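just a sequence and a predicted model for now, questions to come.
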Amino acid sequence: MSRQKENHNAPVVASPAATWKAVHDVTEAGIDPLGIAAPLSHAQVAWMMHPQELAELGAKFSGDLMAFTWHAWNRALGLPSEDPIQPHADDTRFADPAWKDSATWDIVKEWYLLLTRNVQDALYDTPALSGKERRRAAFWWRKWLNAMAPTNFLLTNPVAMAKAAETNGESLVRGMHNFLEDLRAGNVRMTRPEDFTVGRNLATTPGAVVFRNRLLEVIHYAPTTPQVQAMPIVIVTPWINKFYILDLNPKKSLVKYLLDQGFPVFITSWKNPTPEMRDVTFEDYILEGVNEAIEAARGFCGVKQVHAVGYCIGGTALSTWMAWANRKYGDVDKVPVAHWTLLTTLVDFSRPGDIEVFIDEGSVRWLTQAMQGKGFLDGKEMAAAFRLLRSNSLIWQYVVHGYLYGEAPPPFDVLYWNMDTTRMPFAMHEWYLRELYLHNNLIRGDALTLGGQPIDLGRIRQPLYAVSAEDDHIAPWQQCFRICTHVPAEKRFVRSSSGHILGIVNPPVTPPKRSYHVGVAHRRDRFEQWQSRAEEHPGSWWEDWMAWLKPQAGERVDAYPAATKRYPKLAEAPGTYVLES
């Protein structure tokens, strides 16, 4: 009996699990690319499948509801009663006395807090759901609850109604004007663009562009002391925003502070990518960006080594370059960087903070498709995502004060810088999201190869000064500490008070506004162990940094001019790339 011929062209039938995953991915990409509905649906199903836990949850809510009802009756009858639910310490929405003094508005406030607190607690406590899905579900519900707060609507905001009555409606007229201005700008403005001009009242430290290529300009600043340390400082800034966050004005400028301390300072100013730069890669940023900036500083000053500083994604790039350079040069003394500093930098992306709600396979796939068409990620989209992470303070506060109270946004240089966004090239950003955020390959030895060299943070031997910020929601300080686990060199770790920006832009003042914890970090340490040893100091970590860096920065020499014949002035600081929109 003849055997039937095998048909090698027959379609392969996938397993049911693979088929379901393919259907899920297609549906997710088309309907829910940011993963908003999925975690919320999963949370609801999880609660329905755990009736005992659901009953306990209902009992807890019933107890809270009874406490609220008792409080509401007491307030309605004019009897004293303590609020059963207090706003969080950082929640300023109900700070006006009207929300406490008036029984009506106090009841409205407490009812809102009762619902929001219980919903959030329920999502965080969802049984049989991963921690990441719990956090994503809670995040998206929180955004909706924040948007529905009574403070955001005229008829449920006693302060807005009082202002309207006091001004005979003038506050509402001004609010409508502010709304129309924002509508024209396509953004809820946090400050007025006309209040600031880069080069006039921002980024005014004198200097010269001494190097330029297709990716960056390198600015060397004019010295402010007759003698300087022989070893220059090269600052690698993030390309997600513009460099002048470190040179806002003379009082806040880290650049000026370093000049006054007697350091030659070079800084990167990245080009704002155009569609033609769609194929620029992360490797290009390392080799044509970080490496060229360091080589320009070495050539300008005629030194073998520099001190390098990396901020945010600039620090991630610098960490990658340090691993690349240690592999390429081998000998520690031949590496062009003698020691380095990281400012609020992630190298381990396993717990990247609140931004993780936007990062999964589906959202990266959707974002990749969106970037392919334009050749870049628009900076406004990135800024909107970061503002959404802190929607009460970065969105709704400006809606309430601008539209309901009729107040003009205040002039604030940090907020202007935050609105002065840049684009990200398609190839670079897709690789960055996939290789670092999704696959976390930077901490995996030799998992990445850049510039012909396998990348392993464990090869880095140069002493490190690492700074984190206590309230940083973009690069959580506990995750920033993970650099200490992967780099075997000597390390001094700092946790500054405040957040991602103000924890770094933190000049010494009298009396001190902020404080910091500092101590030596060992490779075997967990952050809790470092925290138990760290010493707290009032003031700015800038002074501790100088005490650590100056003894390692060589002898003092006559100050270098801003530009030379070999490195002529291509433009006055702050350069031309920073002015591109």
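Happy to help now that I have it.

so H517, which of the three states?
State at H517, reduced to three classes by DSSP: H, G, I helix; E, B strand; the rest coil: strand.

and the gap between it and P488?
Distance, H517 to P488, by C-beta to C-beta, to the nearest Å: 23 Å. C-beta here means a position set from N, CA and C on the backbone, and glycine is covered the same way.

now do the strands in the stretch 301-450 of the chain.
Using DSSP state E, counting those that start in this stretch, the strands found in the stretch 301-450 of the chain span residues 306-311, 337-343, 376-377, 424-425, 448-450.

for M148, find the nearest of the ones you listed.
Put simply, out of the strands of the stretch 301-450 of the chain the one that sits nearest M148 is strand 376-377, at 29.7 Å, with distance taken as C-beta to C-beta.

and stretch 455-467, C-alpha only, in CSV?
Only the C-alpha atoms of stretch 455-467 are listed here, as CSV (Å, rounded to 0.1, in the frame of the first residue of the first chain):
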residue,chain,number,x,y,z
ILE,A,455,29.2,46.0,26.6
ASP,A,456,29.7,44.9,30.3
LEU,A,457,29.3,47.3,33.1
GLY,A,458,31.4,45.0,35.2
ARG,A,459,34.5,46.0,33.3
ILE,A,460,34.3,49.6,34.6
ARG,A,461,37.1,50.4,37.1
GLN,A,462,37.0,54.2,37.3
PRO,A,463,35.8,55.7,40.7
LEU,A,464,32.1,56.8,40.5
TYR,A,465,30.1,59.5,42.3
ALA,A,466,26.4,58.8,41.8
VAL,A,467,23.6,61.1,42.7
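
how far away from the center of its chain is that stretch?
Between the centre of stretch 455-467 and the centre of its chain there are 22 Å (C-alpha atoms, centre = their mean, to the nearest Å).

any idea of the mean pLDDT for it?
Per-region confidence: stretch 455-467 scores 98 on mean pLDDT.

touching, S496 and I504? I think so.
Yes. At 7.2 Å, S496 counts as touching I504 under the criterion of C-beta atoms under 8 Å.

now the common contact residues for the two.
When contacts are counted by C-beta atoms under 8 Å, 6 or more residues apart in numbering, S496 and I504 are jointly contacted by 467, 469.

so for H517 and P488, which residue has more residues nearby?
Each of H517 and P488 had its neighbours counted (other C-beta atoms under 10 Å), and the higher figure belongs to H517 (20 against 14).

what's the spacing between the nearest residue to the more buried one once chain neighbours are set aside and T225?
In space, not counting the residues next to it along the chain, H517 is nearest to A534; the distance is 4.1 Å by C-beta to C-beta, 6 or more residues apart in numbering. Between A534 and T225 the computed distance is 32 Å (C-beta to C-beta).

so which of those two has more stuff around it?
Comparing A534 with T225 by other C-beta under 10 Å, the one with more neighbours is A534, at 18 against 13.

which of S496 and I504 has more neighbours?
Taking neighbours as other C-beta under 10 Å, S496 and I504 compare with S496 leading, 26 against 22.

contacting residues for the more buried one?
467-470, 503-504, 506, 514-516, 541.

narrow these to those in helices?
Those of the contacts of S496 mapping onto helices are W541, per DSSP state H.

same list, the strands of the stretch 301-450 of the chain, but as JSON lines with distance to R327, mean neighbour count and mean pLDDT please.
As requested, the strands of the stretch 301-450 of the chain are exported to JSON lines (distance: least, C-beta to C-beta, whole Å; neighbours: other C-beta atoms under 10 Å; pLDDT from 0 to 100):
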{"stretch": "strand 306-311", "distance to R327": "16", "mean neighbour count": "27", "mean pLDDT": "98"}
{"stretch": "strand 337-343", "distance to R327": "14", "mean neighbour count": "24", "mean pLDDT": "98"}
{"stretch": "strand 376-377", "distance to R327": "30", "mean neighbour count": "23", "mean pLDDT": "94"}
{"stretch": "strand 424-425", "distance to R327": "25", "mean neighbour count": "26", "mean pLDDT": "96"}
{"stretch": "strand 448-450", "distance to R327": "10", "mean neighbour count": "17", "mean pLDDT": "97"}
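
correct me, but N187 touches E381?
No. Taking contacts as C-beta under 8 Å, N187 lies outside contact range of E381: 11.4 Å.

ok, and the closest non-adjacent residue to the residue nearest the centre of the chain?
Taking C-alpha atoms, centre = their mean, the centroid of the chain lies closest to I474, which sits 3.4 Å from it. Spatial nearest neighbour of I474, excluding adjacent residues (C-beta to C-beta, 6+ apart): H500 at 4.6 Å.

from P97, how far out is the one you found?
Per C-beta to C-beta, H500 is found 32 Å from P97.

out of those two, which sits in the more crowded spot?
Higher neighbour count among H500 and P97: H500, with 21 against 11, using other C-beta under 10 Å.

so that one is in contact with C312, correct?
Yes. Contact status for H500 versus C312: in contact at 7.4 Å, counting by C-beta under 8 Å.
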